[in-house]
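I'll drop the sequence and a predicted model, then ask my questions.
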Amino acid sequence: MFPYLVDPNTGVEMYESQDIVRYLFENYGAGRQPLLLALPILRDLTSVLAGLPRAGYGSHYRSARAPEQPLELYSFEASPFCRLVRECLCTLELPYRLHNVAKGSVGREEFVKRSGHMMVPYLVDPNTSTAMFESGEIVRYLESTYLQRPLAA
């Protein structure tokens, strides 16, 4: 069953998206869920609608070689361009650390200092000393660097 949350800070492990969202807001957020996330029908409908144009993408594994060190992705959830990169990372099962740089996030200012301006997605690959913007270029980079293609006969 998915999603499945493991919180190493508290030892909590759980299924069910609604329970996970509630837990995260109670333990790490403002305490109460925003209305959009608290109403199951509205939450589920908006989630399905957001994913409809990409239906089927990201649902099958593509053989990839694992990097020695996890990649880093600077992103925020509402960006459709960031979604494309997260989809590729997940499809290739590449380990990565997600840095949220949405408006008001604590890491946004540091990200702008690091990257030079506020633009996402931004991928950092410590394995190849690569750092780049632009979702299409990032996806091409991930596929050319990590995707394992079948050997020609």
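Thanks, I have the structure now. A quick note: this is a predicted structure, and the numbers were derived from the prediction, not measured.

does residue 131 count as helix, strand or coil?
Under DSSP: H, G, I helix; E, B strand; the rest coil, residue 131 falls in the strand class.

bridging residues for it?
Using DSSP bridges, the beta-bridge partners of residue 131 come out as residue 124.

domain parsing for this structure?
By the record's domain assignment, the chain is partitioned as 4-54, 71-146 (automatic domain parsing).

can you redo these as a markdown table with distance to residue 61?
The C-beta positions use only the backbone N, C-alpha and C, and glycine is treated the same way. What follows is these, written out as a markdown table (distance: least, C-beta to C-beta, whole Å):
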| stretch | distance to residue 61 |
| --- | --- |
| domain 4-54 | 16 |
| domain 71-146 | 6 |
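
just those domains: most buried one?
Scoring these by mean neighbour count under mean count of other C-beta atoms under 10 Å gives domain 71-146 as the most buried, with a mean of 16.

hang on, the earlier thing: looking at the domains of the chain, which is closest to residue 63?
Proximity to residue 63, assessed across the domains of the chain by C-beta to C-beta, is greatest for domain 71-146 (8.3 Å).

show me the contacts for the residue nearest in space to the middle of the chain.
A centroid search over the chain (C-alpha atoms, centre = their mean) returns residue 86, at 4.4 Å, as the residue closest to the centre. If a contact means C-beta atoms under 8 Å, 6 or more residues apart in numbering, then residue 86 has 73, 75, 98 as its contacts.

Mind checking which of the residues you listed land in strands?
73, 75, 98 (DSSP state E).

hey, what's the second one bridged with?
Using DSSP bridges, the bridge partners assigned to residue 75 are residue 100.

Adjust the sequence numbering to begin at 782 for everything that follows.
Okay, residue one is now 782; in that scheme the one you just asked about reads as residue 856.

From what I see, it and residue 886 are in contact.
No - counting by C-beta atoms under 8 Å, residue 856 does not reach residue 886; the two are 10.6 Å apart.

least reliable of the domains of the chain going by mean pLDDT?
Note on the domains of the chain: lowest mean pLDDT is at domain 785-835, with a mean of 84.

any idea how far residue 831 is from the residue nearest to the centre of the chain?
Residue 867 sits 13 Å away from residue 831, going by C-beta to C-beta, to the nearest Å.
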